[in-house]
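In: coordinates only, sequence not included:
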C-alpha cells in the first residue's frame, strides 16, 4: 500500500483512553440518574457516531443530550489521571516519518482539550497539522479533514487510521484508504469491509502489503 499521508485519529487510536472515558461516562450517567455501562466490552459494543445515538442507548434522552455532553466534557477535563499511548504508537509514528510519509492528527475533540491531552506525550511536533473541532455538540471531524485534503491535494493517496464507524464513513465518503484499529472505542461490526489491526505495530505490515 503506497500512501503519501496518514491521517491519525487520536482518542482510542493513539491515546489509550477507553478506560478513562468509560469512567467519566459512568459518572455523567450517575449524575443523570442512569445506570452505568458495566465494562469496556459493553462500552465498545455501545459506542458509535453520531454521539446522540450512543447517548440515547446509554439512557440519555434528546432533551438531555446537550446538558449531558457539557457535563461529560466538564468531568473529562477535570480528570487528571495519567492516560498512556497505545503500545507502539510512538514507534509507529517514527517509522512512518522515516518513510517520508506526511502525518496529521484529526480529533473530534475541541482544540484546548486536545492540546491538554497531547501535552504530556510531547507528540504535537510529530504532525504536520493538528485538526480539531469547534462545536462539542456536533462531534464530527469530517469538515476539518475535508478542508485539509483540499488544501494539500493528497486525495486518494491518504490513509485514515481510526477506531470508530465515523472514521470509516469519512474515509469512504472522501475516497481515502482506511485501517480500523480494534483496540479503541468501538468494535466495528464484522460486516463492515475494512482492514483491521489489533496493534499499531501491524500498520507497517499493512503498508508493505
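Out: Thanks, I have it. Since this is a predicted model, take the numbers as computed values, not measurements.
In: Provide a list of residues in contact with residue 178.
Out: With CB atoms under 8 Å, 6 or more residues apart in numbering as the criterion, the residues that contact residue 178 are 159-162, 167-168, 171-172, 194-195. Any C-beta I mention is one placed from the backbone N, CA and C, and that applies to glycine too.
In: ok, then the element right after the lengthiest strand in the chain?
Out: In the chain, ranked by residue count with DSSP state E as the criterion, the top strand is strand 102-110. In the C-terminal direction, the helix or strand that comes right after strand 102-110 (DSSP states H and E) is helix 111-118.
In: quick one, that next one and strand 102-110 angle?
Out: Helix 111-118 and strand 102-110 meet at an angle of 120 degrees, taking axes from the mean of the first three to the mean of the last three CA atoms, to 10 degrees as the criterion.
In: For helix 111-118, what is the distance to the chain centroid?
Out: Put simply, helix 111-118 sits 13 Å off its chain's centre (CA atoms, centre = their mean, to the nearest Å).
In: Summarise which helices and strands that helix is packed against.
Out: Based on contacts counted as 3 or more CB pairs under 8 Å, 6 or more residues apart in numbering; DSSP states H and E, the elements that helix 111-118 packs against are helix 65-78, strand 102-110, strand 129-133.
In: List the buried residues in that helix.
Out: Buried residues in helix 111-118, counted by 16 or more other CB atoms under 10 Å: 114, 117-118.
In: got the angle between it and strand 129-133?
Out: Helix 111-118 runs at 130 degrees relative to strand 129-133, counting by the same axes, to 10 degrees.
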